[in-house]
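>>> next come a sequence and a model predicted from it.
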Amino acid sequence: MLNILPWHRSQWNQFCKSVTHGRLPHALMLTGPEGIGLKEFAYLVASRLLCLEDEATLAPCRKCRSCVLFEAGNHPDYMLVDVEEDGKQIRVEQIRKMIDFINLKSQFDRLKIVIIDSAHSMNKNAANSLLKTLEEPPADSLILLTTHRPNLLPVTIRSRCQKMIFQPDYSTDTLEWLKRKIMEPASAETLLRFAGGAPFAAANYSDEQHLEFISGLINDLYSVSRNQINPVALSQKWNKAGAEYILYWLLRLFTDILRLKIKTSPILFYQGDSLKILQGLTNQLDLVQLMQSYDLLLKNYGLASSQISFNTQGLLEDFIIYWQETSNCEGKP
């Protein structure tokens with residue numbers, strides 16, 4: 001995709017100013033929520049910088065030999081590094097290959113450009129290898145790192161990159177874009193809110209399925225608070241659905257629980273009695289208890305989504321038992 005997306009315009013203008021004033025960094029880190037289109041923006045940046053036409057146009061011409069090669073995935077001065085299918089990590093061998101590539105002379109006598117997608121997936125050795133290149137970057141090169149979890153990258157790497165941040169977007173232009181991408185345009189606002197303002201994630205959602213899924217999670221939390229479900233059985237059910245996925249949505253739910261606690265409108269949409277049940281759960285705990293529940297979810301989500309293998313069912317069971325003990329309202333009105 002080589003078009004400027006509606007929610008990328010501010011960052012694109014920032015990039016164009018850097019090019020115009022000759023302030024392009026050696027390393028640029030793009031950060032934002034998953035589904036915001038970091039990789040798509042990186043592609044556009046790379047295409048523009050490799051384009052052989054007048055840079056004053058500030059957009060790739062898509063016709064020159066360089067643009068044709070780039071769109072075909074065969075450009076000799078461009079390389080993509082990402083997680084391989086057989087694992088969660090970007091390995092040190094991939095980074096070493098990238099370093100060899102970026103130190104070669106450009107065949108088009110322009111920049112050598114590398115995109116490291118999901119840079120937070122680099123293992124320790126890969127990150128250390130990249131750091132050496134960031135400390136002494138080769139001339140006429142640009143390394144673009146994309147990450148929706150920059151906190152997992154070493155501070156030494158983050159500090160050597162210029163950062164460009166992409167915030168969740170709920171604007172009219174973004175909603176119009178989403179309406180053109182989904183089967184039921186009327187559900188665009190609901191989907192975008194479900195996706196936390198990440199349009200690409202929203203385009204992959206089904207409105208009805210996610211409303212039912214959220215209702216199911218709320219009912220599970222309610223059942224746990226009343227000792228109506230066995231924690232082990234529930235952890236098995238959740239783990240089968242995907243621990244990282246479940247913990248992510250529990251975090252989204254507890255964000256709304258905290259918002260309800262401080263008398264703020266929830267972010268997500270709810271169907272039937274779901275919002276009423278959520279409000280009831282909110283009312284039976286104080287703010288400190290809710291914050292502690294959120295903190296435990298955040299910790300376990302970080303473990304479930306890390307490169308280290310954890311017992312994901314154990315992480316889910318850990319939270320369920322904590323929630324059961326904290327929210328238990330047996331005998332309460």
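Arrived safely.

>>> my guess is Ser10 is in a helix, correct?
Yes - assessed by DSSP: H, G, I helix; E, B strand; the rest coil, Ser10 belongs to a helix.

>>> what is the burial count for it?
12 (other Cβ atoms under 10 Å). C-beta: built from backbone N, CA, C; applies to glycine.

>>> show me what contacts the residue nearest to Ile99 when sequence neighbours are not counted?
Using Cβ to Cβ, 6 or more residues apart in numbering and skipping residues adjacent in sequence, the residue nearest Ile99 is Thr133, 5.3 Å away. Shown in contact with Thr133 (Cβ atoms under 8 Å, 6 or more residues apart in numbering): Ile99, Ile102, Ile143.

>>> one more: Ser305?
Shown in contact with Ser305 (Cβ under 8 Å, 6+ apart): Arg149, Glu244, Leu247.

>>> any idea how far the longest strand along the chain is from the middle of the chain?
Longest strand in the chain, counting residues (DSSP state E): strand 141-147. Counting by Cα atoms, centre = their mean, to the nearest Å, strand 141-147 is centred 16 Å from the centre of its parent chain.

>>> what strands line up against it, and which way round?
Strand pairing for strand 141-147, determined by DSSP bridges: strand 27-31 (parallel), strand 112-116 (parallel).

>>> quick one: average pLDDT of the last one?
Same thing as strand 112-116. Here strand 112-116 scores 97 as its mean pLDDT.

>>> just the CA atoms of it, as PDB, please.
Coordinates of the C-alpha atoms in strand 112-116 are reproduced here as PDB (Å, rounded to 0.1, in the frame of the first residue of the first chain):
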ATOM      1  CA  LYS A 112      20.100   2.000   1.600                       C
ATOM      2  CA  ILE A 113      16.900   1.500   3.500                       C
ATOM      3  CA  VAL A 114      15.900  -1.300   5.900                       C
ATOM      4  CA  ILE A 115      12.600  -1.800   7.700                       C
ATOM      5  CA  ILE A 116      12.700  -3.800  10.900                       C
END
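
>>> quick check: which of the strands paired with strand 141-147 is nearest to Arg252?
strand 27-31 (19.3 Å; Cβ to Cβ).

>>> buried stuff in that closest one?
Neighbour-count burial for strand 27-31, with 16 or more other Cβ atoms under 10 Å as criterion, is recorded at Ala27, Leu28, Met29, Leu30, Thr31.

>>> what do you get for stretch 199-214?
Pro199, Phe200, Ala201, Ala202, Ala203, Tyr205, Asp207, His210, Leu211, Phe213, Ile214.

>>> again with stretch 235-253
Of all the residues in stretch 235-253, those buried under the rule 16+ other Cβ under 10 Å are Ser235, Trp238, Asn239, Ala243, Glu244, Ile246, Leu247, Tyr248, Trp249, Leu250, Arg252, Leu253.

>>> now stretch 286-299
Within stretch 286-299, the residues that count as buried by 16+ other Cβ under 10 Å are Leu290, Ser293, Tyr294, Leu296, Leu297.

>>> what does that stretch rub up against?
247, 250-251, 254-255, 257-258, 261-262, 282, 285, 318-319, 322-323, 326-327.

>>> which of those residues fall within helices?
Those of the contacts of stretch 286-299 mapping onto helices are 247, 250-251, 254-255, 257-258, 261, 282, 318-319, 322-323, 326-327, per DSSP state H.
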